[in-house]
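K.L.:
Mind folding the following:
(one chain, ligands or ions: 1)
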Amino acid sequence: MSDIENVLHENRFFPPPREFQSQSRLSSEAAYQRMYKASIDDPETFFGRVANELPWMKPFTRVLDWSQAPFAQWFVGGQLNASAICLDQHITTQGSAKRAIIWEGEPGDTRTLTYAELHLEVCRFANVLKGRGIKRGDRVVIYMPMIPEAAMAMLACARIGAAHSVVFGGFSAQSLKDRIQDGACTAVITADGSFRRGAVLPLKATVDEALTGLTGVKNVIVVQRAKNKVAWTQGRDHWYHDLLSRASSECEPEAMESEDLLFLLYTSGSTGRPKGIVHTTGGYMVGAYMSAQYVFDLKEDDVFWCTADVGWITGHSYIVYGPLANGATIVMYEGAPNTPHQGRMWEIVDKHKVTIFYTAPTAIRTFMRWGEEIPAKYKLNTLRLLGTVGESINPEAWMWYHRNIGRERCPIVDTWWQTETGSIMITPLPGITATQPGSATRPFFGVDVAVVDEAGRELPANHGGYLVIRKPWPSMLRGIWGDKERYVENYWGKFKTMYFAGDGARRDDKGNFWILGRVDDVINVSGHRLSTMEVESSLVSHAKVAEAAVVGRPDELTGQAICAFVTCVGDVKPDDALRAELMEHVAREIGKLARPSEIRFSEALPKTRSGKIMRRLLRDIAAGTETVGDTSTLEDFSVLARLRADEE
Ligand code: PRX
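P.N.:
Below you'll find the model as predicted:
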C-alpha cells in the first residue's frame, strides 16, 4: 500500500482554558510526559500502582503475563468483584449518601438513587438472580431500555459472578437470537417496553420472538416499565417486582479471579457473524477506572452524562463501570433527543446541572442540522467539559460543539477507542492538551500506538498508514467468544506482534494523531489513497451541509471515482447549482484530486444502530450493485430503499 494521502489541513489550536487548567487533576505538560514515559517504560510498575487504588479481595502476585501472547493475563492471582468496586467501596465513607444515578424517563419522570440505595437494589437484584438458579460462570443477556434497572442488572450479574451480554434494545429479534445462541446464555433480563419518541417499544415481545425454538434460556426476568400488554410463558417468565419482594438485601460479592469473564459484548465485523468480544474483570476495571478519572477529570461534585446506550461499550465503560468505580454521579436518559422537542438534551443538562457531557459526532451533526437557535435557548452554564467518541469528528462539527454547547469555555476530549480496547486509548487530557478540531491528539497512559506501513515499519510524521498498538494494555479484549483463531487472525494476523483493528491514521509533527477512518473505506483515485473522512469533513465545512458520506465507485479512467452522499441543513433545497458549488468547494479546500465526480443529495444516510455511517452499503449503491453484505446492524432500512429509489 502506498501511504494514505493527507489532505485536510487544520491550523486551529485550542489550549486548555486557564480556568479549567487551574483546577484539573493534571495540569502540566511535564506531568503528562512523566507519567506517560513511566507507563511505557515500566508498565508493570505503573499499572500495578493504579490497580492497587482499587479494593482487591486478594492481592495479585503478578501484574502481567504475556507469555501466551496475544492472550494476555493481567493482575494474576488477584481476586476482586466489579460490583463491589462500583458500590461497596463507596458505602463505608460519606459517599453512601451521594447520588449515583440521576435518571430521566422520556415522559419526564425522574428517579435518583444514592450509592446506598443503588447498593441495596443491586444486592436484591443479585438475590433475585440467585433465586432463579443463575450462578457464577453463567451468561445472562440483558435486553433493556435506558432505565436504572439496566445498570443494576449489569452490576447484579457482576456481583454473583455471572457474565452479562448486553444487547442494545434497538436490535431485532433475529440479532438478539443470534447473540443469545452464540453466548449459550441461560437467562434474559428485559422490560415490558420502553418509551421512545412518544411510543412504546415492545421489548418483551421481541424477546419472545427471539426465544422461539431456543431451549437454553430457562428464565426471562421482566422489569415493568411501560405497562404495555405482554405475552407470558408460565414457568419461564417472571416479573422482576414479584421476585424482588421476596429477595433479601444482603448479598456478599463473589470473589472473582482477575481473569474471570466480566462480560461479552457483540460488535459487528464488516463481514461475517458478529463477534462476542471478551472482557475480563481485573484489567477491564483498571482501564475503565483510570481512564474515566483522567480523561473526564472526575471531581467529587461532577454530574457526568454519557449519552451512549448501555448496549454499547461506551455505556459499559463510561455510564456504568468507569464513573461508578470513581464514585461519580451519572445521568441516564431513556428517550430520544427530540422528544418532545429538539432542545430536550439541553433541557436535561440545565435541569440536572450536568458538568461533563460525552456524546457522538453523529449526534452533534444532528444538533447542527436542527440549528444553533435550539441550544441558544438554554443556559448550559454548568458544563465544564465535553467529549466525543465513535467516529472522527469533522472539524466543523467540533467547532459547532465548541461554540454552541461549550460556549467556547469547555475543553473537548475527542476520544479514540473501540469495543475491543475496553477503554479510551487516544485522547486529549483536558487540563493539559492543546486540542485541534478533528484530532484525538495523544496516546493515553500505557498506550503504545504507532502509524505503520504495509510492512509494519513506523512511518514518519504526516504519513497516513495503519494504526497499531504495540504493547498489551489492561482492558484489552481477551479474545472472541468461542473462536480463538478468529481473534488471532482478526487482530494480530496482519502484523503478528502488533494489534491492528482496522483504522488508518497519521501522526503530525507535534505528535497528535488524526484518525482517518477504517482502512477498508479508503478510496484510490488515480493512484492516490484518500481518506473518505477528510473529503467528508470538507463537505461538512460548507454552511449548507449537515452530513456527508463519501465512497469510491469503480471508474475506468481513475480506478475509483469519488461519490458523495450529502444531507443538507435545515430547509436548504438541494439543486444543481448547490451540487456544482459543493464540488468546487472541495476542490478549493483540499484539491482537485478530491473533487467528487458525483454528488447525491439525500434526506438521511444509512447508519449503524450506534450512529456510524455504513459506507459499505453506499459503495454498493454508488456502484449500482445489490448489497450482499451483512445489514443486520443497519438502523433504518427505509433509508437504503429511498437512496436506491433516488437513483431511478
Ligand atoms: O473506527 C474507529 C471509530 O469507531 C471504531 C470502534 O467502534 P466501536 O467498537 O463501536 O466503539 C465505539 C466506541 C468506543 C474505531 O475503530 N472511532 C471511535 N472513536 C473514534 C473513532 N474514529 C475516530 N475518532 C474517534 N474519536
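
K.L.:
Report the contact partners of the spatially most central residue of the chain.
P.N.:
In the chain, the residue lying closest to the centroid (CA atoms, centre = their mean) is Thr314, at 3.4 Å. Shown in contact with Thr314 (CB atoms under 8 Å, 6 or more residues apart in numbering): 306, 308, 358, 389-390. In short, each C-beta sits where N, CA and C put it, glycine included.

K.L.:
Can you narrow these down to the ones near the ligand?
P.N.:
389-390 (CB under 6 Å from any ligand atom).

K.L.:
how about JSON lines for the contacts of Thr314, with neighbour count added?
P.N.:
Formatted as JSON lines, the contacts of Thr314 follow (neighbours: other CB atoms under 10 Å):
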{"residue": "Cys306", "neighbour count": "26"}
{"residue": "Ala308", "neighbour count": "23"}
{"residue": "Tyr358", "neighbour count": "21"}
{"residue": "Val389", "neighbour count": "25"}
{"residue": "Gly390", "neighbour count": "20"}
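
K.L.:
separation between Glu547 and Thr427?
P.N.:
Separation of Glu547 from Thr427 (CB to CB, to the nearest Å): 24 Å.

K.L.:
for the residue of the stretch 301-450 of the chain found nearest the ligand, phi and psi?
P.N.:
Ranked by CB to the nearest ligand atom, the top residue of the stretch 301-450 of the chain for proximity to the ligand is Thr419, at 3.4 Å. Main-chain torsions, Thr419, degrees, to the nearest 10: phi -50, psi -40.

K.L.:
wait, isn't it in contact with Phe263?
P.N.:
No: using CB atoms under 8 Å, Thr419 is not in contact with Phe263; the gap is 10.8 Å.

K.L.:
And those two? Which one has more around it.
P.N.:
Phe263 (27 against 20; other CB atoms under 10 Å).

K.L.:
Confirm the more buried one sits in a helix?
P.N.:
No: counting by DSSP: H, G, I helix; E, B strand; the rest coil, Phe263 is not found in a helix; it is strand.

K.L.:
I'd guessed it sits against Thr281; true?
P.N.:
No: applying CB under 8 Å, one finds Phe263 not in contact with Thr281, separated by 9.3 Å.

K.L.:
which residues touch Gly464?
P.N.:
Contacts for Gly464 (CB under 8 Å, 6+ apart) come out as 3-6, 451, 504-506, 516, 529, 531.

K.L.:
Spell out which helix or strand contains Arg49, please.
P.N.:
Assigned by DSSP states H and E, Arg49 falls within helix 43-51.

K.L.:
no wait, Ala116
P.N.:
helix 115-131.

K.L.:
Kindly calculate the angle that the helix or strand just after that helix makes with helix 115-131.
P.N.:
Once helix 115-131 ends, the next helix or strand along the chain (criterion: DSSP H and E) is strand 139-143. With axes from the mean of the first three to the mean of the last three CA atoms, to 10 degrees defining the directions, strand 139-143 sits at 120 degrees from helix 115-131.

K.L.:
Three-state assignment for Gly335, please.
P.N.:
coil.

K.L.:
what are the ranges of the helices in the stretch 451-600 of the chain?
P.N.:
For the stretch 451-600 of the chain, helices defined by DSSP state H, counting those that start in this stretch occupy the ranges 484-492, 532-540, 576-590.

K.L.:
coming back round to it: got the CA coordinates for the helix holding Arg49 in PDB?
P.N.:
This file holds the C-alpha atoms of helix 43-51, laid out as PDB (Å, rounded to 0.1, in the frame of the first residue of the first chain):
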ATOM      1  CA  PRO A  43       4.000  -0.700  32.500                       C
ATOM      2  CA  GLU A  44       4.100  -3.300  35.300                       C
ATOM      3  CA  THR A  45       5.000  -0.900  38.000                       C
ATOM      4  CA  PHE A  46       2.700   1.800  36.600                       C
ATOM      5  CA  PHE A  47      -0.400  -0.400  36.300                       C
ATOM      6  CA  GLY A  48       0.400  -2.300  39.500                       C
ATOM      7  CA  ARG A  49       0.200   1.000  41.300                       C
ATOM      8  CA  VAL A  50      -3.000   2.100  39.600                       C
ATOM      9  CA  ALA A  51      -4.600  -1.300  40.200                       C
END
